[in-house]
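Colleague: predicted model follows, preceded by the sequence.
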Amino acid sequence: MLRHGKSDWSGGEPDHLRPLAGRGRRQVPEAGRWLAANVAAIDLALVSPATRTRETWQLASAELGVAVPLRVDDRMYPGSAHALLGVLHELTDESRTVVLVGHNPGVEDLTERLTGRWVPMPTSALAVVDLAGSWATAGDGSADLRTHGRPPTSPTDA
């Protein structure tokens, strides 16, 4: 899970069109560098259609050194845990490692639902979960929380 970077509230845009703020543009590449250093391969990025989430993935993925298939899904905005879980249930097992770029409270709630542990997900934070079984059976307690936090501060091993 990757929560979008800090957004810019100064322009008066509707919520879904709000871009990243300068702080978000500075922090998000750190998350991308952390992913590049700690995740062997990413098979798919699931991204909310909101401007700030698409910008977040663009900046983070630029640090990976390889192109990652992207799927923008309208159900991810604003993205309740229930809606996000529905998106995950549709994945095939060929997508073994997936980055979900979304919003709170959905990202926090989904992490808690999958792992049974609540962790804070401030802007630009990551939570890495290891799913036991297939995407189709993802649900309550079906995953282990491996690490979480906001780079460049090292994410905390869970």
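Modeller: Arrived safely. Numbering: from 1, shown residues only.

Colleague: rest of the way, CA atoms for contacts and neighbours
Modeller: OK.

Colleague: buried set for the longest helix along the chain?
Modeller: Longest helix in the chain, counting residues (DSSP state H): helix 22-38. For helix 22-38, burial by neighbour count (16 or more other C-alpha atoms under 10 Å) applies to 24, 25, 27, 28, 29, 30, 31, 32, 33, 34, 35, 36.

Colleague: tell me how far the first one lies from residue 18.
Modeller: This means residue 24. Look at residue 24 and residue 18: by C-alpha to C-alpha, to the nearest Å, they are 12 Å apart.

Colleague: now for these two: what residues contact both?
Modeller: residue 7 (C-alpha atoms under 8 Å, 6 or more residues apart in numbering).

Colleague: dump the buried residues of helix 22-38 to CSV, plus distance to residue 137.
Modeller: Shown next, in CSV, are the buried residues of helix 22-38 (distance: C-alpha to C-alpha, whole Å):
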residue, distance to residue 137
24, 34
25, 35
27, 33
28, 31
29, 32
30, 32
31, 28
32, 28
33, 31
34, 28
35, 25
36, 28
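
Colleague: where does the protein dip in pLDDT?
Modeller: Applying pLDDT under 70 to the chain flags the ranges 153-158.

Colleague: show me where it has its strands.
Modeller: 2-3, 44-47, 70-72, 98-102, 126-131, 143-149, 156-157 (DSSP state E).

Colleague: in the fifth one, which residues are buried?
Modeller: Going by neighbour count (16+ other C-alpha under 10 Å), the buried part of strand 126-131 is 126, 127, 128, 129, 131.
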